[in-house]
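Colleague: return atomic coordinates for the entry below.
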Amino acid sequence: MKGKFVKVMRKWWLTALVLTLALSLTSCAKRRLYNLNALNGAYGFTQCDGANWAFDVYMFRSQSQPGSYDLVIMPFTIDTPGDIASVTIGNQQLGYKQLVSQVVLNDGQEINAGVLTSADVNNYPILAITAFDNTTNFVSSSPAKASYCELTLPGTGTNQQQNYPY
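Modeller: Numbering: from 1, shown residues only. Here you go, the predicted structure:
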């Protein structure tokens, strides 16, 4: 009985993830411009929207670790300043890697989510910014207050998915 419940919850969570991702990719919200002119297209950009939060997400070629990428998240709209979130990358097979366990969210306060390898980006193409919950893991967490989006590699500086550097 418990096994069926877990399978149903995982399917529900995955459906909610895909639906939220689809809705976030169709957002037309007006955004603040982040000054990237000096980078000459050496960044990837996407918008990550949820019901309560909205973020601009940037991937830069890492200066400190060649072949890797720096992930920077800029909160654009936070319904309750001071909310605590977790930053995780994942995939549709429910695999995931937590990047930031806890971060306080405030409009316009940059979040440095760390350095991702090419393998990380290839294996975990979905970025999830979810409400912090220390009682459960990412797969079992509630997607009620969350934002999901697809990671975009550096290239043209647009929100179009770039080819992986292999």
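Colleague: helices of the chain, start to end?
Modeller: Listed in chain order, the helices of the chain (DSSP state H) span residues 2-25, 118-123.
Colleague: lowest mean pLDDT across these, which one is that?
Modeller: Here the helices of the chain differ in mean pLDDT, and the lowest is helix 2-25 at a mean of 51.
Colleague: strand partners (parallel or antiparallel) of the longest strand anywhere in the chain?
Modeller: Across the chain, the longest stretch assigned as strand under DSSP state E is strand 68-78. Strand 68-78 has the following sheet partners, assigned by DSSP bridges: strand 53-61 (antiparallel), strand 111-117 (antiparallel).
Colleague: between these, which one is nearest to Leu127?
Modeller: Proximity of these to Leu127 was assessed by CB to CB; the nearest stretch is strand 53-61, lying at 6.2 Å. C-beta: built from backbone N, CA, C; applies to glycine.
Colleague: for Ile84, give me its contacts.
Modeller: For Ile84, the contacting residues are 102-105, 131-132, taking CB atoms under 8 Å, 6 or more residues apart in numbering as the criterion.
Colleague: which of the residues you listed sits closest to Leu71?
Modeller: For those, the closest approach to Leu71 (CB to CB) belongs to Val103, at 12.3 Å.
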